[in-house]
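Visitor: okay, sequence plus prediction incoming.
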Amino acid sequence: MGLFQKISQGREFLEEIFKILYYYRGRVVFSFAGVALGILSICIIITTIEGANKKAKEVFEALGPDSIMVFGGGERQRAARTRISTLTFRDADALQRIEGIYDLTKVYQVRNVTMRYREKKWQTNVIGATTNYFESFSWGFQVGSVFTGDDYDHAEAVCVIGSKVYNELFSGEDALGKTILVGKLPAKVIGVLQERGGAAAGPNIDDRVIMPLTTVMSRITNEKKYLGSIRLKTNRDPDRTVEDVRTVLRTNHGLQGTSEDDFTIRSSKDILKFVTVISGQLFLFLGLASIVALVVSGFVLANLFYLTIQERRKDIGIRRAYGASRKGILLSFLFESVLITLMGGVAGILLSVVLGGTFEKLFDIPMLFTYKVIVFAMTFSFLTGLLSGLRPALRASRIEPIEAIRG
Amino acid sequence: MITLRNIRKSYFVGERELPILKGINLDIRQGELVILMGVSGSGKTTLMNIVGLLDKQTAGEYQFMGSAVDGLDDETLASMRNMHIGFVFQQFFLLPYLNAIENVLIPIVYSAKQIKHPRDKARQLLARFGLAERIHNKPSQLSGGEQQRVAIARALINDPDLILADEPTGALDSRTGSEIMDLFQVLNEEGKTIIVVTHDPKLTSFGTRLIRIEDGTISEDITR
């Protein structure tokens, strides 16, 4: 048999299948839509998880694998979202003396402060920090530079703004040396940070204003004693350093025996673990949901398909009389059902691209569309078509031509 | 071309045996136009199904084109039907979602034969049967006679050795019916072997040979 004949037979066959799909479009639309929705949710899940993983890695890299954060308030208070100030300058000095600590940043954050420049307004978080903050995060400047030890000691009203804040307030204009209102405090812009981007979910890294810790504490909040958090870098084993930090703080805070910590320690490792656990749970729940959606649409497909077999008995009888074997009928029916689900799969992928973009903008969820999505989605839709088409196709192949043709 | 020796066919209803064909002996030669006549229940359709490789006899021997077909598997039988036999049915059995020319092309999809330019051939067949203007019409847009002519074109597309027509005029008015029979006559004169199964006594005058079947046996066999 010539290759050309094979090809033209294949084309004839495909054309017929599409005409069949069109003729039975009522059934096809239901199955198609079901599969599309199932695949859509699978795609969204995978892109979200991929996005979360990428973000976790970025956070990990941004913080540095050797960094440790210490916050005021124990685990339980943090969980209840009540902020308790327990960390003091004395604590920071004590931590500084732990073996292996080569960098320590004191931080005091004030949330949702309104920035004003001329008629423009923008609400963001103000971070009071020590001068090593930028170096510690290896954060470069677009223009300007870090505040000096003098600015720090004298609690000068100077600020460094993140690229997001710059865009919102200045939108391309020169910002250096301009004065903005931070809450009620006029402060001079002395630097604009480079864009970090990438780390979407949660607060945008580029959306922040950084000022000397002393300025924030004395001129914005009037806090005299307590810090918000302390960031450490160690060149020893992070786990051992965490233990040392705990011991020092417990001693300083006079905590004895089994009384709970009134502070929280997070290493970079913890953060990575946290995000991994979150995305694992996400995968479990949403994954389960979308598998259910696919199974349901598979059943719908199988049942509607099964019902039409009766309607198509004559069709099958004719084809059998004209040379289709049982196997031929079986394969063409399977092909038909796989074709429906593959089309559903493609539609689901396309929908997820469209919706994924919207999701990303609306909810600030990071999404990463990779080849994995396509592989997963197409495999799942193929399997759905194959499994749900099997029973109807078997039934079709068992129809005897003489029974189908009779009367 | 066809040799049937002592062909028996029974259906079983529970324990009871229901004999349909009670020992048929028959030879059909190339170039014949056979009218196989019998009342309903006589076994004529069962005989046609066996001859057409759609059904298997309970006992007896069947040789088709010189070789025994007993015990052949589904795939081989399907391909033999495709290559050697063209079917025409009482209810036309055109597929509703395909237009006239696509219906004619159905056997091509399953064909191992080298049919050159099947589309052109289908067009020529339809044109020959007066359907040149109808090739893109769906079956629902065609009259009964037109549908049956499309079905005959479908039976011919693969150059079969034998055409089997089961009550081809049964769903048509008598004028259209005799037009279809005239068409078979012409095809037969061109050399096609054709078996027409019918209960209609009006068709007795057609064909080169008349076989009457009664109660599962051949009661009359006249070659003209």
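Guide: Yep, it's here.
Visitor: the residue nearest to residue B:191 when sequence neighbours are not counted: neighbour count?
Guide: Counting by Cβ to Cβ, 6 or more residues apart in numbering or on different chains, residue B:31 is the residue found nearest to residue B:191 once chain neighbours are left out, at 6.0 Å. C-betas here are computed from N, CA, C, even on glycine. Residue B:31 is flanked by 14 other residues according to other Cβ atoms under 10 Å in any protein chain shown.
Visitor: ok, and the closest non-adjacent residue to the closest residue to chain A within chain B?
Guide: Chain A sits closest to residue B:82 of chain B, with a gap of 2.5 Å, by Cβ to the nearest Cβ. Nearest residue to residue B:82 in three dimensions, chain neighbours excluded: residue A:323, at 2.5 Å (Cβ to Cβ, 6+ apart).
Visitor: what's near enough to touch that neighbour?
Guide: B:78-79, B:81-83, B:107, B:110-111, B:158 (Cβ atoms under 8 Å, 6 or more residues apart in numbering or on different chains).
Visitor: narrow the residues you listed to those in helices?
Guide: In helices, defined here by DSSP state H, the members of the contacts of residue A:323 are B:78-79, B:81-83, B:107.
Visitor: what is the rounded mean pLDDT of the helix or strand residue A:318 falls within?
Guide: Per DSSP states H and E, residue A:318 falls inside helix A:313-321. Helix A:313-321 shows a mean pLDDT of 91.
Visitor: helices and strands around it, which ones?
Guide: If you count contacts as 3 or more Cβ pairs under 8 Å, 6 or more residues apart in numbering or on different chains; DSSP states H and E, helix A:313-321 packs onto helix A:326-363, helix A:401-405.
Visitor: which of those helices comes out lowest on mean pLDDT?
Guide: helix A:401-405 (a mean of 82).
Visitor: rewinding a little: can you pull the contacts of the residue nearest to residue B:191?
Guide: Contacts of residue B:31 by Cβ under 8 Å, 6+ apart are B:188, B:191-193, B:208.
Visitor: pLDDT wise, what is the residue nearest to residue A:238 when sequence neighbours are not counted at?
Guide: With sequence-adjacent residues excluded and distances taken as Cβ to Cβ, 6+ apart, residue A:238 is closest to residue A:267, at 4.9 Å. Looking at residue A:267, its pLDDT stands at 84.
Visitor: distance of the one residue in the stretch 201-350 of chain A that gets nearest to chain B from residue A:238?
Guide: Of all residues in the stretch 201-350 of chain A, residue A:323 sits closest to chain B, at 2.5 Å by Cβ to the nearest Cβ. To residue A:238, residue A:323 is 73 Å away according to Cβ to Cβ, to the nearest Å.
Visitor: flag every residue of chain A that's near chain B.
Guide: Within chain A, the residues that sit near chain B (Cβ under 8 Å from any Cβ of the partner chain) are A:1-2, A:5, A:8-9, A:12-13, A:15-16, A:19-20, A:22-23, A:314-315, A:317-328, A:401-402, A:405-406.
Visitor: buried ones only from these, please, as a PyMOL command.
Guide: Buried residues within the residues of chain A next to chain B, by 16 or more other Cβ atoms under 10 Å in any protein chain shown, are selected in PyMOL with:
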select buried, chain A and resi 5+8+9+12+13+16+19+20+23+314+315+317+318+319+320+321+322+323+324+325+326+328+401+402+405
